[in-house]
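Colleague: Next input, structure requested:
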Amino acid sequence: MKIIGVGAGPNLLTEEAISAIENAEVIFGSRRALDLAREHIKCKAGILTDYTLKMLPGNAVVLSTGDPMLSGLGKYAKKEDTIIPGISSLMLACARLRLDIEDISVITAHSRDIEVVKKRLLSELDHGKNVFLLPDSSFGALEVAEFLYNNGLLREIAICQQLGYPDERIEMGTSEEPPPVETDMYCMVITSNVIG
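Modeller: From the prediction side, this is the model:
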């Protein structure tokens, strides 16, 4: 099986990914992942329903939005599977905000224990790191800002919306005055810069 990152938005497929998609015998992915790779798919393609990948044939190519190893399907890969990286929202956010990836800690709140996420967020900021956060519906931009503010952390917050798409937007704010969010497809960067 091959698990391929199709990028965070259109036109972000690598040449390696394109070649693997064009030579696939059967492809699976979410609707969004299939849409991002549509022009290169030359075989039967199906909507992925089992995200553990257990029921897929060994010759399947599985499309993962962004990069398979950033809160993606790569975690389900077996030892013999091939993983082809993609351009992630993390890479795009760092490029747009001019942040060095080595200065970023990555935290995924999506479908995680939010109390563990909160502890890790405080720890990373306390250690002077910038934090890239993939939010959860229960711990989104407003909840994160309120949590930081209530813990005495006045920090800059960037809301990166629709990264890689034509309507991409980055809104800046603080934990005291959080930036607006107008889509479900966003990530956050909380900087180590102390305000005030």
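Colleague: so how many other residues sit close to the closest residue to Leu36 other than its chain neighbours?
Modeller: Distances taken as CB to CB, 6 or more residues apart in numbering put Val6 closest to Leu36, at 4.4 Å, once the chain neighbours are dropped. Just so you know, the C-beta spots here come from the backbone N, C-alpha and C atoms, and that holds for glycine as well. Neighbourhood size, Val6 [other CB atoms under 10 Å]: 31.
Colleague: Could you pull up phi and psi at Val6?
Modeller: phi -100, psi 10 (degrees, to the nearest 10).
Colleague: how close does it get to Ile41?
Modeller: From Val6 across to Ile41, the span is 11 Å (CB to CB, to the nearest Å).
Colleague: Same check on Glu22?
Modeller: 8 Å.
Colleague: Likewise for Ser111?
Modeller: 28 Å.
Colleague: tell me the contacts of the spatially most central residue of the chain?
Modeller: Among the residues of the chain, the one closest to the centroid is Ser89, at 4.9 Å (CA atoms, centre = their mean). Ser89 makes contact with Ala8, Gly66, Leu70, Leu134, Cys160, Leu163, Gly164, Cys187 under the criterion CB atoms under 8 Å, 6 or more residues apart in numbering.
Colleague: out of everything not next to it in sequence, what's closest to it?
Modeller: Ala8 (4.4 Å).
Colleague: Appreciated, that's everything.
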